[in-house]
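> return atomic coordinates for the entry below.
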Amino acid sequence: MKALVFPGQGSQFSGMGKDLYDASSSAKKMFQRADEVLGFGLSDIMFSGSDEDLKQTKVTQPAVFLHSVVMFYEKFATENFGMVAGHSLGEFSALVAAGVLSFEDALVLVSKRAMAMQKACEMQKSTMAAVIRLDREVVERICAEIEGIVVPANYNSSEQIVISGSEDAIDVACEKMKEAGARRALKLQVGGAFHSPLMEPAREELAEAIMSTHFNDAKVPIYQNVDALPHRGANEIRNNLVSQLTSAVRWSDSVVKMHEDGANEFIEVGPGQVLTGLVAKILK
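Below you'll find the model as predicted:
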């Protein structure tokens, strides 16, 4: 069974989507419609903007989403796939592929999500760090023992867990992770503490928008970040999406569960091959 997986923030690159735009009139219309909905030339920035331009909060998340969804409609919408999942931001792309959200509704939510997260990041100095080759139980124990806010944020694979929290707490955590045997514990160049309690203001703001948006039941199961389980009902999908910003991304658990449920081919739909690499590590 084929499983479609959709990447999140960090997969962007200058020139992304230009091949799709040039090859198809239907793709061109989607890029043009996205520019209209957002009120600025997102497609121009994607095609010819610098790496720095693409790092702008209002650009990054809509850009990755748009690339993924256009690629889905152009190459995979008629494929016989049995399940979907997305990493963090990628969950919105997966919801479009599963028929839960319309393209335009999802794009609006992604834009609001980016802005809400940026505002939350500006409220307190915060960051994330990647912990390499340390058992998840040890990572969780160290996070729980540190004063201040620091939590596991992304369970990317058995070899990589990303932690998230206030800058001071992350600094302490990195030292303790290395003392406990981590191969590396390094801070990431990100805007703030995503998927941590520090995103609560963003969660509250986005929740209002999500709750006022129409959701359909999913045509195929979507394995959501918050619990790594398959969901099809509109209400449960909506509630899980609201919780996503302050909850860990249980990516490795999701991939294992999808494989257990019959997925024997994982296809990454979007810019880059980050998830392809993670799936290979998770399932060996």
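> can you classify Leu101 by secondary structure?
When classified by DSSP: H, G, I helix; E, B strand; the rest coil, Leu101 comes out as coil.
> that one: how many residues sit nearby?
29 (other CB atoms under 10 Å). (Glycine included, C-beta is placed from N, CA and C.)
> next: the one 4 residues further on.
Counted with other CB under 10 Å, residues neighbouring Asp105 total 19.
> wait, isn't Ala98 in contact with Ala218?
Yes: here Ala98 reaches Ala218: they are 4.2 Å apart, a contact under CB atoms under 8 Å.
> helices of the stretch 151-284 of the chain, residue ranges please.
167-179, 200-211, 234-243, 251-260, 274-283 (DSSP state H, counting those that start in this stretch).
> tell me the most buried of those helices?
Among the helices of the stretch 151-284 of the chain, helix 251-260 has the highest mean neighbour count (mean count of other CB atoms under 10 Å), at a mean of 21.
> what sits up against that one?
By CB atoms under 8 Å, 6 or more residues apart in numbering, the residues outside helix 251-260 that reach it are 3, 5, 83, 85, 87, 154-158, 223-225, 228-230, 266, 278-279, 282-283.
> and it, how far out from the chain middle?
Using CA atoms, centre = their mean, to the nearest Å, the mean C-alpha position of helix 251-260 is found 16 Å from that of the whole chain.
> between that helix and helix 274-283, how big is the angle?
Put simply, helix 251-260 runs at 70 degrees to helix 274-283, going by axes from the mean of the first three to the mean of the last three CA atoms, to 10 degrees.
> keeping just the C-alphas, turn helix 251-260 into CSV.
The C-alpha coordinates for helix 251-260 follow below in CSV (Å, rounded to 0.1, in the frame of the first residue of the first chain):
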residue,chain,number,x,y,z
TRP,A,251,6.9,11.2,13.4
SER,A,252,8.8,8.0,14.0
ASP,A,253,5.8,6.5,15.8
SER,A,254,3.6,7.5,12.9
VAL,A,255,5.8,5.9,10.3
VAL,A,256,6.0,2.6,12.3
LYS,A,257,2.2,2.6,12.7
MET,A,258,1.7,3.2,9.0
HIS,A,259,4.0,0.4,8.2
GLU,A,260,2.2,-1.9,10.6
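> pretty sure Ser26 sits against Lys75.
No: Ser26 is beyond contact range of Lys75, at 11.6 Å (criterion: CB under 8 Å).
> neighbours of the closest residue to Phe47 other than its chain neighbours, just the number please.
With CB to CB, 6 or more residues apart in numbering as the criterion, Phe47 has its nearest non-adjacent residue at 4.5 Å, and that residue is Lys18. As a burial measure, Lys18 scores 15 neighbours (other CB under 10 Å).
> and for Ser25?
7.
> next one, pLDDT for Val190 please.
In the prediction, the pLDDT value recorded for Val190 is 85.
> point out where the stretch 1-150 of the chain drops to low pLDDT.
Within the stretch 1-150 of the chain, no stretch has pLDDT under 70.
> if we use 80, what do you get?
Counting by pLDDT under 80, the ranges of the stretch 1-150 of the chain that qualify are 57.
> now the strands for it?
2-6, 81-86, 126-132, 150-157 (DSSP state E, counting those that start in this stretch).
> nearest to Ser212, out of those?
Ser212 sits nearest to strand 81-86 of all the strands of the stretch 1-150 of the chain, at 21.6 Å, using CB to CB.
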